[in-house]
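[1] any chance you could fold what I've pasted below:
(one chain, ligands or ions: 2)
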Amino acid sequence: MSIIGVVSMKGGVGKTSTCANLAAALGAQLGAGRVSTIDLDPQNALHWHFGLVDQDTTGVCEQSLTGGNWRNAMLQSAYQVACLPYGNVSEADREAFEGMLTQSPQWLASQIKAAGWGKEACVVVDTPPGPSVYLKQVFDCADLVLIVLLPDAGSYATIPDMEIWLEDMLAARPKLKVFYLLNQIDRSEALNRDTAAFLRRQLKPRMCPVDIHNDEAVAEALAFQQPVLSYEPHGQASHDFTRLA
Ligand SMILES: Nc1ncnc2c1ncn2[C@@H]1O[C@H](COP(=O)(O)OP(=O)(O)OP(=O)(O)O)[C@@H](O)[C@H]1O
Ligand SMILES: [Mg+2]
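    Ligands and ions are numbered 1, 2, ... in the order given. Predicted coordinates for the structure are as follows:
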C-alpha cells in the first residue's frame, strides 16, 4: 500500500487538480482496482474531477461520525480511479468530525487499513490549504507527501511555515518522503520562469524532478468533469502528470 498526500500552505495552488490528475495517471499505468483517492477537504470538490457529482454517497465525514466503513462511501469512476468524497455536511458535523480527528491522530491510517484496499493499492489524499487536523492525519500515515507550490511570490512566502511544519513531522517520521511540486509553470512569462528557477535552487534537495505546466486543459477538464488525461490525452499537462505518476 502506498499513501500519497497532496498538501500546501497556500490555497488555490492546484492540490485538488494534482490529486485527481495524478491519480488518473497512476490508474492508467497501474490498471483498474489499484488506485483510490480520498477527499479530506470540506470543500468536497475532488469527485467533480471524476464526473461523480450526481452519485448518491455519504462521504468520509458522515461515515466516520456514524461508525461506518469508508469503503461504503467509495465511488467507482470511469477513469480507473475510485473516489471517496468528503461529503456534503452541516457545519456541526464538520466540527464533530474535526474533533474526532483531533482526538484520534491516526484516524486516517486506521480507516485506510479498515477499508481493506490491500498491499497493491495506491491511495492519493487531498487536503485543505494550511495547517489543519487533516494535514496532521496525512503526515501521520503518508509514504510520500507532495507540497504544491506556484512559481510566485505568494507561494514563496509560505515556505518558512511549511519548513517549520516539516521539521516537526520529519522528527516523528524521518523516513517520510517529501517533495515540493511546482505547478502552473509558464516558460513564456519572465517572472514565472525566474521564480521557478529560484525556488528550484532554494529547495533543491526536496524538489520534485517533474514540474506541471500551466495548461488551460486542466481547468477545461474540470469543467467537463473528467481528468485532463481523458480530456486532452496528448496535451502538456497530461504528459506532465504521466511523468509524475
Ligand atoms: N497546471 C494547471 N494549469 C492550469 N490551471 C490549473 C493548473 N492547476 C490548477 N489549475 C487551476 O487552478 C485553480 C485552482 O486549482 P485547485 O482547485 O486544484 O487548487 P487547490 O489548491 O486544490 O485549491 P484549494 O486550496 O481551494 O483547495 C483551478 O481553477 C484549476 O483548474
Ligand atoms: Mg482543493
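[2] which residues of the chain lie near ligand 1?
    With the criterion set to CB under 6 Å from any ligand atom, the chain comes near ligand 1 through 8, 11-17, 41, 43, 128-129, 183-184, 212, 214-215, 218-219, 222, 237. Yep, even glycine has a C-beta here, placed from its N, CA and C like the rest.
[3] now do 8 Å
    8, 10-20, 41, 43, 45, 126-129, 148, 183-185, 212-219, 221-222, 237, 240 (CB under 8 Å from any ligand atom).
[4] now for the residue nearest to Pro227 when sequence neighbours are not counted, how many residues are close by?
    Closest residue in space to Pro227, ignoring its immediate chain neighbours: Ala24 at 3.4 Å, by CB to CB, 6 or more residues apart in numbering. Per other CB atoms under 10 Å, the neighbour tally for Ala24 reads 29.
[5] wait, Ala24 sits on Pro233?
    No: counting by CB atoms under 8 Å, Ala24 does not reach Pro233; the two are 10.5 Å apart.
[6] where does the protein get nearest to ligand 2, which residue?
    Thr16 (3.2 Å; CB to the ion).
[7] who touches the longest helix along the chain?
    With secondary structure taken from DSSP state H, the chain has its longest helix at helix 153-172. Under the contact criterion CB atoms under 8 Å, 6 or more residues apart in numbering, helix 153-172 has outside partners 8-10, 13, 131, 135, 139, 147, 149, 176, 178, 195, 198-199, 202-203.
[8] close to ligand 2: what parts of the protein are there?
    Lys15, Thr16 (CB under 5 Å from the ion).
[9] quick one, phi/psi of the residue of the chain most remote from its centre?
    Relative to the centre of the chain, and counting by CA atoms, centre = their mean, the farthest-placed residue is Ala190 at 28.5 Å. The phi/psi pair for Ala190 (degrees, to the nearest 10) reads phi -60, psi -40.
[10] got the contact list for it?
    So Ala190 contacts nothing (CB under 8 Å, 6+ apart).
[11] now the helices for this protein?
    Going by DSSP H, the chain shows helices at 15-30, 60-65, 91-103, 107-115, 133-141, 153-172, 190-202, 216-223, 228-231, 236-244.
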